[in-house]
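S.K.: Sequence first, then the predicted structure, then my questions.
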Amino acid sequence: MIANERQCQISKAQIAKFRAAIDAPDSNTRTLHPQAQKALRQAAQSQLDDLLVEVADCERLRNGQLTAITVESIADLAPALIKARIMRNWTQKELADKLAVAEQQVQRYEATQYKGVSVERLQAVADALKLRLREVITFEPL
Amino acid sequence: MKGPAFDVIDEVLLTIDAERGIQKAKYRGELFPAAAAADPLGTLFRDFFQRDRDGNPKGISVIDLENFA
């Protein structure tokens, strides 16, 4: 997922490139096998759709159109913390200041999706972001 | 003959739907055509996958299927 404004801008630039390539396929593609032409077209469209969803998500987060994040598994917690920072409109530096760590530390956290970070640390990040986490644990049939 | 033999390739590998769902369901992975070197789309994909979200260059592995024993 997109974690900051810069990434959002980069994705927008990629959208423009994919759109341009789809709208004006190179004449060389006509010499390709029809299946290859079709695969290329579908691939570009599929990637473009991914980018459009990501940028739309990023803008919804930034515009404050979301007020809560649903997390379906512990693995979803890290992306949720990144989203929450964006929803707060905080930079990585601002979160780092609240946690009293260097900005690079938060960059690392987010670049690795909080990999290897202790539960206590995740809670500290949630606290810094002033998030209220409410877990629902249900029992699946054995 | 140069290039893939399309008549023997699993249709699933050539079906690129939303989020490559059909490919992922069968192969747990996804395939993008990037070898059409002369085409801007092919080049676009190759370049796209060699940059991270911050625009920094990242490495990719090349598996030469023709010489893959």
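M.R.: That came in fine, so what should we check first?

S.K.: Most remote residue from the middle of chain A, which is it?
M.R.: Using C-alpha atoms, centre = their mean, the residue of chain A lying farthest from its centre is A:Thr31. It sits 37.5 Å away.

S.K.: wait, does stretch A:34-53 contact chain B?
M.R.: Yes. Stretch A:34-53 reaches chain B (C-beta under 8 Å from any C-beta of the partner chain) through A:35-36, A:38-40, A:42-47, A:49-50. Placement of C-beta: from N, CA and C, glycine included.

S.K.: Which helix runs longest in chain B?
M.R.: Counting residues, the longest helix found in chain B (DSSP state H) is helix B:40-48.

S.K.: most surrounded residue in the residues of stretch A:34-53 next to chain B?
M.R.: A:Leu40 (27 neighbours; other C-beta atoms under 10 Å in any protein chain shown).

S.K.: Please report how far that one lies from A:Glu54.
M.R.: As judged by C-beta to C-beta, to the nearest Å, A:Leu40 and A:Glu54 stand 21 Å apart.

S.K.: re earlier: can you show me the CA trace of the longest helix of chain B as CSV?
M.R.: Written as CSV, here are the backbone C-alpha positions of helix B:40-48 (Å, rounded to 0.1, in the frame of the first residue of the first chain):
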residue,chain,number,x,y,z
PRO,B,40,6.6,0.6,-24.9
LEU,B,41,4.3,-1.5,-22.7
GLY,B,42,6.9,-4.3,-22.4
THR,B,43,9.5,-1.7,-21.5
LEU,B,44,7.1,0.0,-19.1
PHE,B,45,6.5,-3.2,-17.2
ARG,B,46,10.2,-4.0,-17.0
ASP,B,47,11.0,-0.6,-15.7
PHE,B,48,7.9,-0.6,-13.4
